[in-house]
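Peer 1: The sequence isn't on hand, but the structure is:
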């Protein structure tokens, strides 16, 4: 355990000294991953699949604020959908605009979840999303998180129905819009995953906010249980099915990743908890103070005692 704590402190020191280099690289890698996934999953506009365009967009994302990646990814998505189906692009654009106006105008800090959510789905660890959201965000993050789930299933719908969407020119335009809307909003799997993620994230948030010992550990365990329970109940009531194997592996990986995140973000020593009481002119204050676990990385110095003889 001590070795891990020393490694954590060394990592923090290294990041603090080179963050001006690490941050752009981190954003560039994330941008490149998102654009490649969109091109690989959709790929309807050949121009966006050009390596020079992908490289330029990733380089731009490296030097822009992280939240701007959401709108760059939205532009990629809309252009791909436009090449496939104008109607699908219009519907998606309206939904993105509604989220941008209603949510981003009030709480813009969590918009990156609209990118991280689909990314975790593509990486086959969607169960990690509500755990991270509950541990690190507020309840307002549930909106972009659920919209990220919708974006993933939108991409899946477009990929699976590309032939139908591209060849539906003979269908009445109103009927086409209604058909797309019904297909998107009636997706039971999407509704189940969004509801399970929202319930799990809310459970994690409320438990990790409680003034109890090991709140984050309990929150991860309970949040995972809530998500699995919601999925199992939803499967029986909504007539949808998930692979038990992928569910088990994804859950185990997600829980492990959540505990790793907890170690780096919230390592505290409950054995040294203190309870403080003080007052001012208007209030009495009762405070529970839990110190963080902090160690100093060993400073190893080699001192030469005997001067080396020259031959």
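Peer 2: That came through, no problem. These figures come from a predicted structure and were not determined experimentally.
Peer 1: So, low pLDDT: which residues of the stretch 151-300 of the chain?
Peer 2: Applying pLDDT under 70 to the stretch 151-300 of the chain picks out residues 168-171, 294-300.
Peer 1: Which parts of it are helices?
Peer 2: For the stretch 151-300 of the chain, helices defined by DSSP state H, counting those that start in this stretch occupy the ranges 162-166, 173-185, 188-208, 215-238, 244-265.
Peer 1: Tabulate these (JSON lines), appending mean neighbour count and distance to residue 85.
Peer 2: Quick note: C-beta positions are derived from backbone N, CA and C, even for glycine. Compiled in JSON lines, these are given as follows (neighbours: other Cβ atoms under 10 Å; distance: least, Cβ to Cβ, whole Å):
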{"stretch": "helix 162-166", "mean neighbour count": "14", "distance to residue 85": "4"}
{"stretch": "helix 173-185", "mean neighbour count": "14", "distance to residue 85": "8"}
{"stretch": "helix 188-208", "mean neighbour count": "21", "distance to residue 85": "19"}
{"stretch": "helix 215-238", "mean neighbour count": "18", "distance to residue 85": "27"}
{"stretch": "helix 244-265", "mean neighbour count": "15", "distance to residue 85": "30"}
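Peer 1: Could I get these in JSON lines, plus columns for distance to residue 154?
Peer 2: Shown next, in JSON lines, are the helices of the stretch 151-300 of the chain (distance: least, Cβ to Cβ, whole Å):
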{"stretch": "helix 162-166", "distance to residue 154": "12"}
{"stretch": "helix 173-185", "distance to residue 154": "6"}
{"stretch": "helix 188-208", "distance to residue 154": "9"}
{"stretch": "helix 215-238", "distance to residue 154": "19"}
{"stretch": "helix 244-265", "distance to residue 154": "21"}
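Peer 1: Out of those helices, the one nearest residue 27 is which?
Peer 2: helix 244-265 (19.0 Å; Cβ to Cβ).
Peer 1: Determine how far that closest one lies from the middle of the whole chain.
Peer 2: Helix 244-265 sits 13 Å away from the centroid of its parent chain (Cα atoms, centre = their mean, to the nearest Å).
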